[in-house]
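Novice: the sequence and its predicted three-dimensional model are supplied below.
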Amino acid sequence: MDQIVLVLFLFLFPILVALLLLLRFVTVIRTRRSSSGNGNSGGLPPSPPGQLPIIGHLHLVMVGSHPPHVSLREIAARHGGLVLLRLGQVPNLVVSSPRAAEVVLRAHDHAFASRPPSAAADILVGGAAGPYDVAWAPYGDYWRQARKLVAAHLPSARKVHSLRRARQEEVRRALAMVVAAAAASCAVDVAEVVGAFVNDVVCAAVSGRSLLFRHAGRNRRVLRELILDNTRLLGGFNSICDYFPIVAMLLTPIYMLCAGTTTRLKNRWDVLLDQTIDEHVMAAKPLHEDHNNQQEEDSRDFIDVLLSLQQEYCLTRHQVKAILMDMFVAGTDTSSVALEYAMAELIKNPHVMTKLQAEITSNTLKGQEMVTEEDLDNMTYLKAVVKETLRLHPPTPLMLPRISLDKCDVNGYTIPAGTRVIVNAWALGRDPKSWDKADEFMPENAWALGRDPKSWDKADEFMPERFIHCGNTSSSVDDFKGRDFKFLPFGAGRRICPGINFGVVTVEIMLANLLYCFDWDLPTGMNREDIDMTEVFGLTVRLKEKLLLVPRSLRNVDHT
Ligand code: HEM
């Protein structure tokens, strides 16, 4: 098989290169005509020099020591908040300034409400009409229905509230892992503790009655692996098929090989999802006549809800599985990454940790063994710490890609229909023009001229206080709701994350308890400066090196 692929590759490669060069020639001529025809105004946004034949600007994003969101910020610093990059064959509009983000995500919300085609999503969650989940579905009737269904039943404020007891149980279970390490004076791998916790919280909400994925066991490990593989395949710039669609079409055998990895992943998902759906079907109880029975409604997990609405929404099993996969992937990795970064920043900034611990302790009844969700209401500093973490480390730094449905005008530039859009949420959160004090060091017009990275210092600092105005933060999720375009960890517009309430409360309750029950130190011999914040890029970013911290118990937690 490998030899056949090689022969085909050697035979087809020269033809392919010739075709791509021809295509490139035609594109350059068309681009020049379009720019000269429009003059400065109404032309395409600026593009950095250094575009290469065939790969375009791909090397500027992919090659080098920085992950793509950092490279893209450097490009923006030199060429502006709106830049056009040709990645492979595909034009990409990179949005890195709050003003440009507001025009794209608010003024032209409709034009940019779709997702670009993704070869991996087509296989993992796709059907005849494209992806059948919510996150990758193209804008249209199917997406509207699926999103309505998800938003009304899983992450709605009422449902999130009804799940608080289950969350508290999962917090207790996670704390037990830490208690054991504290008793033995051992370091814990923070990602492992918070990853297991978030996994169990999401599983409790999605497939509550089923223990298939929950708690230590093989299936939970498998689920974790599947989620990581999904974020690797769906994120980033490594999908040849997405950036070279003609290559994918012409070199079918190679395309099949690329697709092989994704198909194997999809098959593994199918086994787990079919098993848990079957389990639910077998155990299904007829719904009580009285559909308003709140208790009964609250006790149903998301799979119960999906199955009961399957006929009304005309959902196939394939579509049910696509939506479920979305919930596991979108709900799990994002919150656990946020928790890990929060702990990393707190250990690097001990004065913040001390202040936060004082606030948590003073807002929790004396003698109470754990913080409850009711206690969180008055913890303004905790909410500021979570916001500051998401500002500096948005778990999906480039959000999810969009595509322009129609030709439109953005800040005087013409954006052709079919342009992919990358919003760099990571760069928005560190834009020194937007974030306190950083402006002191900047001449007003420096953005367009390029800047000395040294002057990004303050915007790069972890300062939760910047979210506290007159001793108060606005309600926990207000700043996240996509109205403030310098801070978009959950995106904005019609495709904004529907899981904000769910994600934020999951992060807040776990973080509060980790700091209420324990003091945290670095392993012996390690200094704060030794903490390696190098990131691994994917749909979500994560720390490359394990964050190992030594807990010391502050109070007894009954974890039996
Ligand atoms: C800290 C936690 C989370 C973060 C930082 C986060 C971030 C994001 C971002 C940036 C997007 C893309 C928005 C856009 O294109 O404008 C998104 C979409 C999405 N998120 Fe979240 N998310 C989190 C938690 C959750 C949870 C808990 C769920 C579900 C239980 C969820 C479900 C989704 C779905 C379904 C979409 C796709 C929305 C669409 O395309 O219409 N997320 N999320």
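Specialist: Everything's here; your move.
Novice: residues from the protein in reach of the ligand?
Specialist: 134-135, 147, 150, 154-155, 326-327, 330-331, 334-335, 338, 395-396, 399-400, 489-492, 495-499, 502-503, 507 (CB under 6 Å from any ligand atom). Where C-beta positions appear, they are placed from N, C-alpha and C, glycine not excepted.
Novice: tell me which of the residues you listed fall in helices.
Specialist: With helices identified by DSSP state H, the entries of the residues of the chain next to the ligand that belong to them are Arg147, Val150, Asp326, Met327, Ala330, Gly331, Thr334, Ser335, Ala338, Phe502, Gly503, Val507.
Novice: neighbour count added to those, as JSON lines?
Specialist: What follows is these, written out as JSON lines (neighbours: other CB atoms under 10 Å):
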{"residue": "Arg147", "neighbour count": "18"}
{"residue": "Val150", "neighbour count": "23"}
{"residue": "Asp326", "neighbour count": "24"}
{"residue": "Met327", "neighbour count": "25"}
{"residue": "Ala330", "neighbour count": "28"}
{"residue": "Gly331", "neighbour count": "26"}
{"residue": "Thr334", "neighbour count": "26"}
{"residue": "Ser335", "neighbour count": "26"}
{"residue": "Ala338", "neighbour count": "25"}
{"residue": "Phe502", "neighbour count": "26"}
{"residue": "Gly503", "neighbour count": "26"}
{"residue": "Val507", "neighbour count": "26"}
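Novice: in TSV: the residues you listed, plus pLDDT.
Specialist: As requested, these are arranged in TSV below (pLDDT from 0 to 100):
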residue	pLDDT
Arg147	96
Val150	92
Asp326	93
Met327	94
Ala330	94
Gly331	92
Thr334	96
Ser335	97
Ala338	98
Phe502	94
Gly503	96
Val507	98
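Novice: ok, of those residues, which one's closest to Arg164?
Specialist: Sorting those by how near they are to Arg164, with CB to CB, puts Phe502 at the top with 11.2 Å.
Novice: look at the residue lying closest to that closest one once chain neighbours are set aside and say how many residues are nearby.
Specialist: Excluding its sequence neighbours, the residue lying closest to Phe502 (CB to CB, 6 or more residues apart in numbering) is Pro155, at 4.0 Å. Other residues near Pro155 come to 23 when the count uses other CB atoms under 10 Å.
Novice: got phi/psi on Pro155?
Specialist: phi -90, psi 20 (degrees, to the nearest 10).
Novice: pLDDT score assigned to it?
Specialist: Looking at Pro155, its pLDDT stands at 72.
Novice: likewise the one 5 residues further on?
Specialist: Model confidence at Val160, expressed as pLDDT, equals 89.
Novice: ok, now which ones touch it?
Specialist: Contact partners of Val160, counting by CB atoms under 8 Å, 6 or more residues apart in numbering, are Asn501, Phe502, Val505.
Novice: which among these gets closest to Thr540?
Specialist: Within these, distances to Thr540 taken as CB to CB reach their minimum at Phe502, with 15.9 Å.
Novice: and the closest one, how far from Glu345?
Specialist: Here the distance between Phe502 and Glu345 works out to 22 Å (CB to CB, to the nearest Å).
Novice: Ile323 now?
Specialist: Taking CB to CB as the measure, Ile323 and Glu345 are separated by 34 Å.
Novice: His57 now?
Specialist: Using CB to CB, one gets 32 Å for the distance from His57 to Glu345.
Novice: check the stretch 51-200 of the chain for the residue nearest the ligand and tell me.
Specialist: Using CB to the nearest ligand atom, the point where the stretch 51-200 of the chain gets nearest to the ligand is Ala135, with a distance of 3.7 Å.
Novice: that residue contacts Met325, correct?
Specialist: No. With contacts defined as CB atoms under 8 Å, Ala135 does not count as touching Met325, sitting 9.5 Å away.
Novice: about what we covered before: and which of the contacts of Val160 is nearest to the ligand?
Specialist: Proximity of those to the ligand was ranked by CB to the nearest ligand atom; the top entry is Phe502 with 4.0 Å.
Novice: quick one: contacts for the closest one?
Specialist: Contacts here follow CB under 8 Å, 6+ apart; on that basis Phe502 touches Leu154, Pro155, Val160, Ala205, Gly331.
Novice: before we move on, back to that, these two touch, right, the residue nearest to Phe502 and Val505?
Specialist: No. With contacts defined as CB under 8 Å, Pro155 does not count as touching Val505, sitting 10.0 Å away.
Novice: excluding chain neighbours, what is closest to Glu345?
Specialist: Here the nearest residue to Glu345 in space, its sequence neighbours aside, is Phe462; by CB to CB, 6+ apart that works out to 4.6 Å.
Novice: thinking again about what came up before, among Ile323 and Glu345, which residue is more densely surrounded?
Specialist: In terms of neighbours (other CB under 10 Å), Ile323 is the more surrounded of Ile323 and Glu345; the figures are 25 against 20.
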